[in-house]
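Colleague: pasting a predicted model and its sequence here:
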Amino acid sequence: MKLLEIAQIYTDLVNADNEIPDIEYHAKDTIAALRTKYHNILMEQMQIEGIEFLDRFDATRIAFELVNKEEIHTR
């Protein structure tokens with residue numbers, strides 16, 4: 001899977017988690033597990049491609065930048 005695809009899935013999961021009400025804890029737990037999985041895949045792929053990040057928060061920031069940059073280019 002390409003880095004951009006991984007970043008898109010991860011950022012979609014982050015956005016979905018933010019939209020789910022806290023009362024829906026089963027859904028939030030499922031999304032959280034998928035977020036963790038894709039965040040790890042994201043950071044691994046970034047390392048493979050030589051993209052440096054300071055920590056997991058920086059990796060998240062970079063993922064959103066990649067996705068936002070791609071959305072701008074496809075408009």
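Modeller: It's in.
Colleague: okay, helices next: where are they in the chain?
Modeller: 3-19, 25-48, 56-74 (DSSP state H).
Colleague: excluding chain neighbours, what is closest to the residue nearest to the spatial centre of the chain?
Modeller: Nearest residue to the geometric centre of the chain (C-alpha atoms, centre = their mean): Tyr10, 2.5 Å. The shortest distance from Tyr10 to any non-neighbouring residue, by C-beta to C-beta, 6 or more residues apart in numbering, is to Tyr38 (4.3 Å). For every residue, glycine as well, the C-beta is placed using N, CA and C.
Colleague: is it true that the one you found touches Asp12?
Modeller: No - look at Tyr38 against Asp12 with C-beta atoms under 8 Å: they stay out of range, at 9.1 Å.
Colleague: out of those two, which sits in the more crowded spot?
Modeller: Tyr38 (21 against 15; other C-beta atoms under 10 Å).
Colleague: next one: the residue nearest to Ile62 when sequence neighbours are not counted from Thr30, what distance?
Modeller: Leaving aside its sequence neighbours, Ile62 sits nearest to Phe53 (C-beta to C-beta, 6+ apart; 5.8 Å). Note on Phe53: its distance to Thr30, by C-beta to C-beta, to the nearest Å, is 26 Å.
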